[in-house]
Structure formats: C-alpha cells, structure tokens
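> Predicted model, plus sequence, below.
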Amino acid sequence: MNQIIRCINCDEIYLKTPFDQWPEYETHPSPSPDNFRIHERDDFQDFLNHHRGHRLEDLKILEDSFISEKPYSEPIKASYFKATNGKERFVIKKFRKGIDEPLKYQLIARDYSLKCTAIEIQSKEIKKQLEMEFKSRPFSQTQIAALLKLYQHIAENIDIKKLERTPEESHNPSEVYYKMDDTSLVYLLRNCHNIFKGKEYLDIEEFIHRHKDDGVLLLKATYKIQFIEKYKSKKKADSVPIALERKKAVENREA
C-alpha cells in the first residue's frame, strides 16, 4: 500500500511503496547468461537515514484532487494532488524530467483551482449508438444532426455546478463526465417532439432515458489548472522577533 510521508523539518515528501526494496539489475555486454549484477536497495530506509532526528508525519491524499493537463499515458508530465495531515492542506507536485528518471514528489507553495473551459456532448458516440441500436428502423441523418445540435445547445448553456459527476473513466485527468440535470432532460425531451414523431419519438425518448446516466449522453467537461499564490501572514511572521525582544528586555532588567 502506498503511503505519503512528509518531513516536517525539511518539507520533503516521500512516497512509500511496496517496491522500495526491490533490487536493481545492471547488465553487461558479456554474452554470459550471468551477465548482470544485483544491487540491493531500500529507498525508504535511505529516506529515514537522511532525515534522522527529524519529525515525520503521514499525509492522506484528498480524493478526486489529482489533476494534470496531459493524458494518464504520458510518462513525462507534471501532475498535482492535494493531501492533508488532518489540520493543514498541502499541494504536491508529481513529476519527472526524463523517461529513465524515477518519479519525484515536491511540496509547492501554491494552491490551485480548476476552471471549466468547455462542455461538450459526445457527438460521434451518440451518432454511432443510434445507428447501431436502430438498424432496422434508422433515423434520418437530418434527424440525428438536429438532435445533436439541440443537445449541444443545451450543453453550452448548462450550469456545470448543478451537475452530478460520474465515475466514468477518461484518458485525461482534465476531462470529467457529468450527468445532465433534470431540467435539461425535460427541455431535451420536450424539444425532441419537433424532430421525432409518433413511434420515432417513443424510441428516442427510451434511448435518452437508457443512456443519460452512464452512457453516450454524458457531458464531457474540460478543465484547466489555475494556480493561486499562497502568502504567509506577516503578522504571524513578525510575532517571533517581537517575542524574542521582550524576552531579552526582561533578562536585561533581571541582570
């Protein structure tokens, strides 16, 4: 099980994993089958030795705080997540500069928020699903185009804060899927009466109810990271020297 550890004295971060004690194998160009050396390692013990005498604490990662503007599959990128010791929150940067380098973890003196830059419908997926489910009685391309235009209009005017986030997986952490709210659902169904008639409307109504919660009708929101500088309180910083000056004054009077 992975464990985030913070050195309070140094503000350094260490991620303890089950692989900390796995040995390294160094190969040689020799054709011999025994052409490698085994280097024993214990990364966590090295961290403890380096911070001997320092105060350490466990941090708990805050759920759904992980963010990056590059896909999960991208090996070289900077990612950010938040963690807490129960009293204070921290922002941790996870990164590496080269494909052959181990991941590094660093506390940063900035917080971040996420700004929604776009809300889209899954146009290609909706069209493909409609054509697959209604092969025997297909809708016309004009009807499908009108439905997509209507739904995109709803997405562009929706309030993202009122939507329920779904656990739908995405290849990019900056993309989040949401269910449409009840008001948008009613608006969509009511206006579908202008596109579909009779049995076709009943079919599209059933299609919408079937896919609105965990299917192709989920809305995809794209987010951008916005960093916020953290400033330490000047009053708090000045309180220590003032306290020391008062202590010296008392000591001088007693002398």
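Okay, I see it.
> where's the nearest residue to residue 2 once chain neighbours are set aside relative to residue 132, distance?
Sequence neighbours aside, residue 17 is the residue nearest to residue 2 in space, at 5.2 Å (criterion: C-beta to C-beta, 6 or more residues apart in numbering). Placement of C-beta: from N, CA and C, glycine included. When distance is defined by C-beta to C-beta, to the nearest Å, residue 17 is 43 Å away from residue 132.
> Which of those two has more residues huddled nearby?
residue 17 (14 against 8; other C-beta atoms under 10 Å).
> wait, isn't the more buried one in contact with residue 5?
No - counting by C-beta atoms under 8 Å, residue 17 sits too far from residue 5 to count as a contact (11.2 Å).
> what are the ranges of the strands in the stretch 151-255 of the chain?
Applying DSSP state E, counting those that start in this stretch to the stretch 151-255 of the chain gives strands spanning 164-165, 175-179, 219-229.
> Just the residues contacting the shortest one, thanks.
By C-beta atoms under 8 Å, 6 or more residues apart in numbering, the residues outside strand 164-165 that reach it are 176, 177, 178, 179, 181.
> The fourth one reaches residue 213, doesn't it?
Yes - contact criterion C-beta under 8 Å: residue 179 and residue 213 qualify, at 5.5 Å.
> what's the closest non-adjacent residue to residue 228?
Closest to residue 228 by C-beta to C-beta, 6+ apart is residue 111, at 4.6 Å.
> Next, the one you found: secondary structure please.
Secondary structure, DSSP: H, G, I helix; E, B strand; the rest coil: residue 111 is strand.
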